[in-house]
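# next one to model:
(one chain, ligands or ions: 2)
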Amino acid sequence: MMGQQMEINEIITTNNLTKYYGEIKGIDDVSIKIPAIGGIGFLGPNGAGKTTLIRTLLGIIRPTRGEAYVLNYNVKTEINHVRDRIGYIPEYNTAFIPDMTAMKFVAFCGRMNGLSTIESKQRASDSLYYVGLGEERYRKLGTFSLGMKQKVKLAVALVHDPEIIIADEPTNGLDPNGRNQMLELIRNLQTDQHKHVILSSHLLRDVEQTTNYAFVFSNGHILAQGKIKDLTSAKVSTISLRIKGDESKFIEEMKNKGFEIWQERGYIEVKKTNDTEKAIFKAAVNSRVEIRYLGSRSSSLEDVFVSLFKNKEEAIQ
Ligand SMILES: Nc1ncnc2c1ncn2[C@@H]1O[C@H](COP(=O)(O)OP(=O)(O)OP(=O)(O)O)[C@@H](O)[C@H]1O
Ligand SMILES: [Mg+2]
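Ligands and ions are numbered 1, 2, ... in the order given. Reported below is the predicted structural model:
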């Protein structure tokens with residue numbers, strides 16, 4: 001194992017992490033602590049910001065604002081330490097070289113991650129056996145099915161023995177059998193390899209089967225977080241607003257007071273905590289806006305899932 005094995009409570013911390021793609025919001029003011037408890041789910045519909053957060057944590061995307069720490073290493077200034085400790089399974093297909101054998105490819109990735117030639121061969125072999133491709137390791141990648149390619153991606157993520165594995169939609173496009181195999185591997189990584197695994201998915205079922213704690217993404221925000229069993233029965237309360245005047249000024253004012261606030265479907269939404277309404281009226285006065293509508297919403301996370309995910313069956317099956 002690499003890295004100093006100190007006691008940690010959080011594997012990842014972000015402070016006001018924000019990424020805009022021009023005008024488009026990828027993630028907006030995300031401040032989270034990801035607990036060191038094995039399996040973590042990133043759950044959210046398409047476009048919610050899961051991949052943006054992951055790519056920001058890996059230093060592939062530079063945040064517009066905010067900081068992130070992985071195992072106490074600063075992503076901005078200590079990215080090599082961060083990358084040594086994360087194995088990443090990207091959402092889209094890796095550029096596989098069809099004429100290369102699985103062994104060669106995974107060993108090559110090991111070399112890229114700083115392993116010696118001997119180490120990389122040994123680790124490539126071990127990783128391919130681990131994901132169930134021991135027999136096929138000398139076959140060319142061009143002959144592999146999608147499910148096998150996903151397993152090769154997992155072997156690549158494991159080759160340098162990182163403490164954290166981040167899998168971005170690893171079951172996409174797989175048939176039920178392939179999906180179950182991938183989910184089982186993700187579960188086993190936590191139990192027999194003692195890895196911290198982050199699984200990003202738009203399927204509640206995948207997250208439920210593999211993790212016990214989840215962050216729910218919506219519209220670039222973290223809508224809820226907690227143990228899966230608490231989450232599905234939890235209530236999420238927000239206040240919906242329509243205002244006349246400088247919306248951004250009002251939103252800034254509320255953010256500065258520590259409220260979670262965002263725009264959604266023509267409304268401004270504020271996550272309800274103590275004294276939210278009082279703060280809203282105060283911020284309205286300070287930013288000289290007029291409140292035209294104020295309504296309260298409370299829904300179970302189950303309802304939220306259903307409304308977040310366009311396809312109801314997809315969300316809860
Ligand atoms: N390279 C990019 N350029 C412009 N906008 C982008 C880019 N990448 C993501 N976005 C936008 O940022 C928002 C968040 O996207 P992101 O890919 O992070 O979501 P996601 O939760 O991973 O979604 P999915 O489930 O579809 O993978 C979306 O509105 C998306 O259109
Ligand atoms: Mg994504």
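
# where are the low-confidence patches of the stretch 151-300 of the chain?
Scanning the stretch 151-300 of the chain for pLDDT under 70 picks out 234, 299-300.

# burial check on the closest residue in space to residue 89 that isn't next to it in sequence, number of neighbours?
Nearest in space to residue 89, with sequence neighbours left out and distances taken as C-beta to C-beta, 6 or more residues apart in numbering, is residue 167 at 4.2 Å. Bear in mind the C-beta positions are built from the backbone N, C-alpha and C, glycine included. If you count neighbours by other C-beta atoms under 10 Å, residue 167 ends up with 27.

# quick check: residue 36 touching residue 11?
Yes - contact status for residue 36 versus residue 11: in contact at 5.0 Å, counting by C-beta atoms under 8 Å.

# more neighbours, those two?
Legend: neighbour count by other C-beta under 10 Å for residue 36 and residue 11, higher for residue 11 (21 against 16).

# what residues are up against the more buried one?
Taking C-beta atoms under 8 Å, 6 or more residues apart in numbering, we find residue 11 in contact with 34, 35, 36, 70, 71, 163, 164, 196.

# again with residue 158
Contacts of residue 158 (C-beta under 8 Å, 6+ apart): 87, 123, 127, 130, 131, 165, 189, 193.

# among the residues you listed, name the buried ones.
Neighbour-count burial (16 or more other C-beta atoms under 10 Å) is assigned, among the contacts of residue 158, to 87, 123, 127, 130, 131, 165, 189.

# go through those residues and flag which are in helices.
Mapping these onto helices (DSSP state H) picks out 123, 127, 130, 189.

# closest to ligand 1 among those?
residue 189 (21.2 Å; C-beta to the nearest ligand atom).

# run a quick neighbour tally on the closest residue to the closest one other than its chain neighbours.
Among residues not flanking residue 189 along the chain, residue 195 sits closest, at 4.5 Å (C-beta to C-beta, 6+ apart). Residue 195: 21 surrounding residues under other C-beta under 10 Å.

# from residue 277, how far out is residue 195?
Distance of residue 195 to residue 277, given as C-beta to C-beta, to the nearest Å: 44 Å.

# identify, from the contacts of residue 158, the entry nearest to residue 154.
Distance to residue 154 across these (C-beta to C-beta) is lowest for residue 131, with 5.0 Å.

# find the nearest non-adjacent residue to the closest one, please.
Using C-beta to C-beta, 6+ apart, the closest residue to residue 131 is residue 151 (4.1 Å).

# the one you found reaches residue 133, doesn't it?
Yes - between residue 151 and residue 133 a contact is recorded at 5.5 Å, counting by C-beta under 8 Å.

# neighbour count: these two, which is higher?
residue 151 (25 against 20).

# shouldn't residue 258 be within a helix?
No - Residue 258: not assigned to a helix; according to DSSP: H, G, I helix; E, B strand; the rest coil it is coil.

# count of residues packed around it?
Neighbours around residue 258, by other C-beta under 10 Å: 9.

# try residue 113
18.

# got the contact list for it?
83, 84, 159, 160.

# give me that answer again for 10 Å
Contacts for residue 113 were tallied using C-beta atoms under 10 Å, 6 or more residues apart in numbering; they are 83, 84, 87, 119, 120, 123, 156, 159, 160, 161, 162.

# list the buried ones in stretch 288-300?
Quick answer for stretch 288-300 (16+ other C-beta under 10 Å): 289, 291, 294.

# tell me the spacing between the nearest residue to the first one once chain neighbours are set aside and residue 294.
With C-beta to C-beta, 6+ apart as the measure, residue 245 is the residue that lies nearest to residue 289, at 3.2 Å, once sequence neighbours are left out. Note on residue 245: its distance to residue 294, by C-beta to C-beta, is 14 Å.

# so where does residue 241 fall, helix or strand?
Element membership for residue 241 (DSSP states H and E) is strand 235-244.

# quick one: the strands in the stretch 1-150 of the chain?
Here the stretch 1-150 of the chain has its strands, by DSSP state E, counting those that start in this stretch, at 10-21, 24-30, 33-35, 39-43, 65-70, 73-74, 86-89.

# mind listing what's buried in the fifth one?
Which is strand 65-70. 66, 68, 69, 70.

# hang on, the residue nearest to residue 89 in a helix?
No - read with three-state DSSP, residue 167 is strand and lies in no helix.

# hmm, it is touching residue 51, no?
No - the criterion here is C-beta atoms under 10 Å, and residue 167 misses it with residue 51 at 11.6 Å.

# identify the contacts common to these two.
Contacts common to residue 167 and residue 51, judged by C-beta under 10 Å, 6+ apart, are 42, 90, 91, 200.
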